[in-house]
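1. Generate coordinates for the sequence data below:
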Amino acid sequence: MPRLHFKLPALVWQMLLMGLLGLSGIIFVPLLLRRVDAHVLATGLVAQVYVYYLVLLVQFGFSWSGPAAVARSSQPAEVAAVWHASVRSKLYLLIGPVAWLFGLGYIAWADGHWYLLGFVLLLMASALNSNWFLQSIQNFAGGVASAVAGVVVSVLLLLALVNHGTPSTPWVSAALAVAVLIAPQVLLGLGSWWLAKRACAVLAPSGADRLDATQTWRLLRKDSPLVLSQLLLLASTTLGTVVVGALADATTSAAYAATEKLFNLGATVLVGAFMALYPRFATSFYSDRSAYWLKTKQLLAAGLLVGTGGLVVLTCFGQPLMALYLSDALAIKVAPVLNVFAIWLGLCLSQHVLTGYLVLAERHRMVLYANAWVLLVTVAVGYTFARAEPIYWVYGMVAGQLFTCAWLLQLYLQDRRTVR
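-> Residues are numbered from 1 along each chain as shown. Down below sits the predicted model:
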């Protein structure tokens, strides 16, 4: 009973955090469209997508390897050392390859849009972001409080933009729009860093937990496969929009893109729940492997239950429900594959669970190979089906997840034979 009492708040905190970061963006963008020039906002949104790939690079997979390292630590000073190593490593990345790539992107398409430099704040905050550490030490409220502060700032900036009337100069509205878009993530990064720093001051007050530069570079080399694997994982879930856009007409492409985005949002909720519990999974992995596999099976079963429920609902009422989200004309385009999307949603946790297992087993290079194979299976099967009908790409996404389920089953059977 005590464990159940502890898990529920963790999931609730994670759902709140995801809602603040995700839904706030969905709400703010339509409001900004009414006050900001469409071309300016479109430029900002495209730049934001590019910056998010850089954010993935600068975070360098520490959301996976960090909790695992904390779980392996036996002394408070070792726990603090994990956090200091992550921040130092990410700052090296920020002032090195990330700054270089951002500069190239800015030169390529900025064309005088200096307000895009505001995204530098997002990259800096991402380097400092320590929410994974707060979750590892069971401080879920700290990250949510920081995100709330960011949303409040965004709301205030949006009100300033609305009440300002017609901006005297276009750059005022452009700068405010960028600030509105990035404020929640920026405050989350800065707030979680400050809270983590205070926690580490208690864990290791002497400051003897710091790694030197050589150890930091060794850590970067060790974790480099993780960031590459995260890029492959992202591609396996978002490549469908590109492929369908190349093979189908504009109406079908728009319908598929909107549908894929909707189901990816559902997958994000499931993955977020897993990441909230991941520190506890890491502890179980090292202390009681049978308990780890029991929790894994329960988690995958919960995902399958969600997918099965979605399959039943979408089989019976899929097209009318999608017509509420899209127009009737667009809903008809994707109606044949809604049940397939539901199956994919039920299986989508498997790829993240496989990644988590390999990280906990300290097989970081295998994480890269695993996600590369998933992407390969997804593309091979998806493109074969898409040549017959573009929206059938989703069958490749399902095939990729079935591949990870088979891999997990093999690892489970192997563990039963070798781990007591």
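2. Residue 275: neighbour count?
-> Neighbourhood size, residue 275 [other C-beta atoms under 10 Å]: 20. All C-beta spots, glycine's among them, are computed from the backbone N, C-alpha and C.
3. For the strand or helix carrying it, the averaged confidence score.
-> Mapping residue 275 onto the secondary structure by DSSP states H and E places it in helix 250-287. The average pLDDT within helix 250-287 is 77.
4. Might you list the low-confidence residue ranges for the stretch 201-350 of the chain?
-> When residues are selected by pLDDT under 70, those of the stretch 201-350 of the chain lie in 204-227.
5. Show me the helices in it, by range?
-> Per DSSP state H, counting those that start in this stretch, the stretch 201-350 of the chain carries helices over the ranges 213-247, 250-287, 289-325, 328-334, 338-347, 349-360.
6. of these, which approaches residue 143 most closely?
-> Residue 143 sits nearest to helix 250-287 of all the helices of the stretch 201-350 of the chain, at 10.3 Å, using C-beta to C-beta.
7. In that closest one, which residues are buried?
-> For helix 250-287, the neighbour count (16 or more other C-beta atoms under 10 Å) marks 252-260, 263-264, 266-267, 270-285 as buried.
8. now stretch 299-306
-> 299-300, 303-304, 306.
9. which one of the residues you listed is nearest residue 199?
-> Proximity of these to residue 199 (C-beta to C-beta) peaks at residue 299, which lies at 27.4 Å.
10. hang on, that closest one packs against residue 353?
-> Yes: using C-beta atoms under 8 Å, residue 299 is in contact with residue 353, at 6.8 Å.
11. what touches both of the two?
-> Shared contacts of residue 299 and residue 353 (C-beta atoms under 8 Å, 6 or more residues apart in numbering): residue 274.
12. Off-centre distance for the helix holding residue 275?
-> In terms of C-alpha atoms, centre = their mean, to the nearest Å, the centre of helix 250-287 is found 8 Å from the chain centre.
13. what's the angle from that helix to helix 338-347?
-> Angle, helix 250-287 to helix 338-347, by axes from the mean of the first three to the mean of the last three C-alpha atoms, to 10 degrees: 20 degrees.
14. Going by contacts, tell me the helices and strands next to helix 250-287.
-> Applying 3 or more C-beta pairs under 8 Å, 6 or more residues apart in numbering; DSSP states H and E, we find helix 250-287 packed against helix 2-18, helix 62-72, helix 131-136, helix 213-247, helix 289-325, helix 328-334, helix 338-347, helix 349-360.
15. Reformat the ones you listed as a markdown table; add distance to residue 398.
-> Shown next, in a markdown table, are the helices and strands packed on helix 250-287 (distance: least, C-beta to C-beta, whole Å):
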| stretch | distance to residue 398 |
| --- | --- |
| helix 2-18 | 24 |
| helix 62-72 | 24 |
| helix 131-136 | 30 |
| helix 213-247 | 11 |
| helix 289-325 | 10 |
| helix 328-334 | 15 |
| helix 338-347 | 5 |
| helix 349-360 | 11 |
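16. Which segments of the protein make up each domain?
-> Annotated domains of the chain cover 2-211, 225-418 [automatic domain parsing].
17. now the residue nearest the centre of the chain: how far from residue 320?
-> For the chain, the residue nearest the mean C-alpha position is residue 268 (7.0 Å; C-alpha atoms, centre = their mean). Distance of residue 268 to residue 320, given as C-beta to C-beta, to the nearest Å: 25 Å.
18. returning to what we had before: nearest to residue 55, of the helices and strands packed on helix 250-287?
-> Closest among the helices and strands packed on helix 250-287, using C-beta to C-beta: helix 213-247, at 10.6 Å.
19. OK, contacts around residue 52?
-> Contacts of residue 52 by C-beta under 8 Å, 6+ apart: none found.
20. Report pLDDT for it.
-> On the pLDDT scale, residue 52 is placed at 72.
21. Give me the neighbour count for the residue lying closest to residue 130 once chain neighbours are set aside.
-> Excluding the flanking residues, the one nearest residue 130 by C-beta to C-beta, 6 or more residues apart in numbering is residue 196, at 3.7 Å. By other C-beta under 10 Å, the residues close to residue 196 number 27.
22. Can you point out the buried residues in the strand or helix carrying residue 196?
-> Element membership for residue 196 (DSSP H and E) is helix 170-203. Buried residues in helix 170-203, counted by 16+ other C-beta under 10 Å: 173-193, 195-197, 199-200, 203.
23. that older thread, ok, the residue nearest to the centre of the chain to residue 55 distance?
-> In terms of C-beta to C-beta, residue 268 sits 15 Å off from residue 55.
24. next one: residue 153
-> Counting by C-beta to C-beta - residue 153 and residue 55 are separated by 19 Å.
25. what does stretch 398-415 contact?
-> 236, 289, 293, 296, 300, 340, 343-344, 347-348, 350-351, 353-354, 357, 370, 373-375, 377-378, 381-382.
26. and with 7 Å instead?
-> Contact partners of stretch 398-415, identified using C-beta atoms under 7 Å, 6 or more residues apart in numbering, comprise 236, 289, 293, 340, 343-344, 347-348, 350-351, 353-354, 357, 370, 373-374, 377-378, 381.
27. Quick one: buried ones out of the residues you listed?
-> The buried subset of those (16+ other C-beta under 10 Å) comprises 236, 293, 340, 343-344, 347-348, 350-351, 353-354, 357, 370, 374, 377-378, 381.
28. on that earlier part again, just the helices and strands packed on helix 250-287: most buried one?
-> Most buried of the helices and strands packed on helix 250-287 by mean neighbour count (mean count of other C-beta atoms under 10 Å) is helix 131-136; its value is a mean of 26.
29. any idea which helix or strand comes after that one?
-> Sequence-wise, the next helix or strand downstream of helix 131-136 (DSSP H and E) is helix 140-163.
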